[in-house]
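Trainee: could you work out the structure for the sequence below:
(chains A and B)
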Amino acid sequence: MKCIRQRNMGLAVVLIACILFLNGCWGKREVEDLAPLIGIGFDLGQKPGTYLITEQFSIPAKGGETGADIQERTISVEASSGREAFEKISKIFYRTPFMGSLEVIVIGEDLAKAGFNEILDFGQRFSEFRRTMYLVLVKGKARDILNVKLRSEQLPAMAIMNMVERGSEVSSTPIVRLGHYFTILGSKSTAPILPMIETIQQGEGGVRYKVEGDETQEIQIQGAGVFRKDRFVDSLTDEETKGYMWLENQVKGRLINTVGIDEGKLNFAGQVMKSTTKYKVSDNDGTIGLEYQIRTSIAVDEVLGLKEQLSEQEWLNLMKATEKKFAKAIEKECQLALQKEKMLGLDFLGIGRHIEQKDSAYWKTIKDQWEQKIVDFPVSLDVQVTIHNSGMSSSSATTN
Amino acid sequence: MERISPHQFMTLGAAVLMGTTFLPVASIVTGFGGRDGWMSVMSGFALGVPYGLMVISLMEQYPHKNLLRISEILFGKWIGKIIGVLYIFITVYFGGLLLGQAGNIYQASIMPLTPISVFYLGGMLLVFYIVRSGIEVFARFSEVVFPVIVIALVLNVTLAIPRIEQGELMPILSEGLKPLFFGTLKVMPFPMEYILFLAGLLTFLPIGKQELGQLKNGVWRAVFLVGILNTLVALIQILVFGPTESIRLVYGLLVLGKMVEVSRTVSGIESLFMGVWLGALVIKVSAFFFTAIWGLETVFSLKGLKWYLAVGIIFLGIAFKFKTGPSLIKEIELVDNYLILPFASIWILTLWGFARWKKGAGV
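Mentor: Prediction:
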């Protein structure tokens, strides 16, 4: 009897505990009261020691045709810390900013040159943020990019996120998440790199589009910025960035052509089906070097300048020659990236880490002078391409 | 007298040994061994095997007695009592700190606005209910909860695989074996916490010849299962964060849980993992509550509800004293390294050696 009473008492205690836990959390926030933060931009503030922080929220549109209709609300405030910015914005907003939905951190060029790690501390310390957020650098001000009125009417932050995520389809810019950036910073010898976002005006770089109203614009992701720790040093061109992608084994589905590779009038364009980059530390008579081995499979999608009908054997021979031509195109991009690395004296390609991984004893002897060594450290390339297929035709529609 | 089966002994032992060790383990071992740190996890946990077997062997020699009672028999009443007081002090203090850790983890990670007292009081109520229900209920609770903890850990590790950074594990052993030795030293307190629990648990274990063999197997299994799981946890964190970040992150596994995303459909599931980790915390705090109660009963013959309440209040008092995360983590580390490890390792070894000598000498 006593045992049953004790048990009942215990049960009552547990039920009381459940009441404590199940009535909702302290500080609970209804989803309708939240303003999901999608993008945040950091620029240098006007006052020393301050930042211009731009926050882009996505708010469900009232009376929207579908539940997915959203309104954009972008606010910039000058603050000395991330928390101060949120305080200022909370005073303006009728909704509670929710940071767990943040997808993109946009770093303005001026702040990137001054260094931005301090303002990132909030992003990696406060528990609502995730290390999977994307980090991008913009040409110009982050505020301007986040306030661009896109022709697609998408939120700029969402557009940037989609561009970065779709980046693997064309593999021409790196995908950098906050966690990856911190891991690279931790490696010490490797210089961080961030993809670059810029607006493209009507007619700029040969891109033309219909301008609707005065303000609509397009943005694009192209090139990358190289950093010494957290300070922006120089930017990589589109080709140099593509070279980085090959050497970093990040190519998943490049679109590539051979135009301008040599004097030949016959050119090809294709899509990378598969690519792997490996590296090995070589020792040539006591000279230590690094050899990249790139193995790529390409599907030929376009043949340009083919003027005559080829026999089956001739077509086979042409495809063999095409492999070499594509290999040259890849090699050219890689060489450009390597030249930039040597010119900057910054190891954004992570060559130092590769040496450390393969020959840690040798790395220990050079790691303290690594930045000086980069300039003349021997790096060689071995690029081999195989043609996966040549599309649906064995000749060209332009042949006689 | 309550009894638990050899299978319950294995799962209960594994659950107590595991506790929340998976939360700090990567940061600890990487701090010494860098990217090789994961290798020192298993060697640190392996210490639990010889010590666990020593405890079982003492139980074989002195059936139905816990190690505090055996200490009184072998070393004399007063030395035995001094050991007992130390045992009670360490287990009460450490149990209170672990309760504090429960509040710290939840407030820092998923429920920052909930008053910390809710975690302490809620956790304490659960612990109190388990402890009052007895060791059999505790063992059954562990049998249910421990597999869930294991599944959650494996899921967390597996789902984090897409986040692995290229080449973070290499080079292997570039700094030699010496850093691993220091990493092992820092892991050693974890099995010693388990040994302290085992020291009091002896009176509830079966002592038949066949069961003794099963209990010894149980020690092996518990240690290796928990050692392997913790090795995996340390390994995935080094692979995802790299060594520098693994050291810096206070609760790397929680951060890893936040990084889990399955094709943009499943994300933000860290709260589910956190719910499971609560089970692990409750088991560990309950284990130390039990050891404190057993210590009071053995050394001072203090029994009954009021002593349970007294221990509970002291646990809460300690938890409330260390409300700030960094000081709490520092204190847990200090107790682990400078109290639990030296106390348990010297006490058990001396006791076992003395018992062997007495047996050999026929005293």
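Trainee: which helices and strands sit right next to the helix or strand where A:Glu291 lies?
Mentor: Following DSSP states H and E, one finds A:Glu291 within strand A:287-304. Strand A:287-304 sits against helix A:238-247, strand A:267-284, helix A:312-344, helix A:351-358, strand A:379-389, with contacts defined as 3 or more CB pairs under 8 Å, 6 or more residues apart in numbering or on different chains; DSSP states H and E. (C-beta placed from N, C-alpha, C; glycine too.)
Trainee: got the buried residues for the first one?
Mentor: Of all the residues in helix A:238-247, those buried under the rule 16 or more other CB atoms under 10 Å in any protein chain shown are A:Asp238, A:Glu239, A:Glu240, A:Thr241, A:Lys242, A:Gly243, A:Tyr244, A:Met245, A:Trp246, A:Leu247.
Trainee: for the following helix or strand past that helix, what is the distance to the chain centroid?
Mentor: Heading C-terminal from helix A:238-247, the first helix or strand you meet, by DSSP H and E, is strand A:255-257. Relative to the centre of its chain, strand A:255-257 is centred 20 Å away, using CA atoms, centre = their mean, to the nearest Å.
Trainee: sheet partners, orientation included, of strand A:255-257?
Mentor: Applying DSSP bridges to the sheet, strand A:255-257 is found paired with strand A:267-284 (antiparallel).
Trainee: what does the stretch 151-300 of chain A put close to chain B?
Mentor: A:Gly179, A:His180, A:Phe182, A:Thr183, A:Leu185, A:Gly186, A:Ser187, A:Lys188, A:Glu248, A:Asn249 (CB under 8 Å from any CB of the partner chain).
Trainee: of those residues, buried ones?
Mentor: A:Gly179, A:His180, A:Phe182, A:Thr183, A:Leu185, A:Gly186, A:Ser187, A:Glu248, A:Asn249.
Trainee: does the second one touch B:Ile164 like I think?
Mentor: No - here A:His180 lies out of contact with B:Ile164, judged by CB atoms under 8 Å, at a distance of 10.8 Å.
Trainee: and for A:Ile160, the neighbour number?
Mentor: When neighbours are counted by other CB atoms under 10 Å in any protein chain shown, A:Ile160 registers 27.
Trainee: and what of the one 3 residues further on?
Mentor: Residues near A:Met163, counting by other CB under 10 Å, number 19.
Trainee: name the nearest residue to it, ignoring sequence neighbours.
Mentor: Leaving out its chain neighbours, the residue that sits closest to A:Met163 by CB to CB, 6 or more residues apart in numbering or on different chains is A:Ile221, at 4.5 Å.
Trainee: by contact count, what packs against the strand or helix carrying that neighbour?
Mentor: Following DSSP H and E, one finds A:Ile221 within strand A:216-228. Packing contacts for strand A:216-228, counted by 3+ CB pairs under 8 Å, 6+ apart, involve strand A:134-138, strand A:149-150, helix A:156-170, strand A:193-200, strand A:231-236, helix A:238-247.
Trainee: confidence-wise, which of these is weakest overall?
Mentor: Here the lowest mean pLDDT among the helices and strands packed on strand A:216-228 goes to strand A:149-150, at a mean of 84.
Trainee: and that one, how far out from the chain middle?
Mentor: Chain-centre distance of strand A:149-150: 21 Å, with CA atoms, centre = their mean.
Trainee: each with direction, which strands does that strand pair with?
Mentor: Counting by DSSP bridges, strand A:149-150 is paired with strand A:216-228 (parallel).
Trainee: if we go by neighbour counts, what in the partner strand is buried?
Mentor: Quick answer for strand A:216-228 (16+ other CB under 10 Å): A:Thr216, A:Gln217, A:Glu218, A:Ile219, A:Ile221, A:Gln222, A:Gly223, A:Ala224, A:Gly225, A:Val226, A:Phe227, A:Arg228.
Trainee: repeat that for stretch A:305-315.
Mentor: A:Leu306, A:Trp315.
Trainee: end-to-end on that stretch?
Mentor: 14 Å (CA to CA, to the nearest Å).
Trainee: how about stretch A:370-381?
Mentor: Terminal residues of stretch A:370-381 lie 21 Å apart, using CA to CA.
Trainee: which of the helices or strands spans the residue in the stretch 201-350 of chain B positioned nearest to chain A?
Mentor: Using CB to the nearest CB, B:Thr244 is the residue of the stretch 201-350 of chain B that sits closest to chain A, at 2.8 Å. Using DSSP H and E, B:Thr244 falls within helix B:209-248.
Trainee: what is that helix packed up against?
Mentor: Checked by 3+ CB pairs under 8 Å, 6+ apart, helix B:209-248 has helix A:178-187, helix B:6-18, helix B:25-33, helix B:39-45, helix B:48-61, helix B:135-159, helix B:189-201, helix B:252-258 packed alongside it.
Trainee: what angle do it and helix B:189-201 make?
Mentor: Calculated by axes from the mean of the first three to the mean of the last three CA atoms, to 10 degrees, helix B:209-248 forms an angle of 150 degrees with helix B:189-201.
Trainee: how far does helix B:209-248 sit from the chain's center?
Mentor: For helix B:209-248, the distance to the chain centre is 11 Å (CA atoms, centre = their mean).
Trainee: just after the least confident helix or strand in chain A by mean pLDDT, pick out the following helix or strand.
Mentor: Lowest mean confidence among the helices and strands of chain A (mean pLDDT, DSSP states H and E): helix A:2-22, at a mean of 70. Downstream of helix A:2-22, the next assigned helix or strand under DSSP H and E is strand A:34-44.
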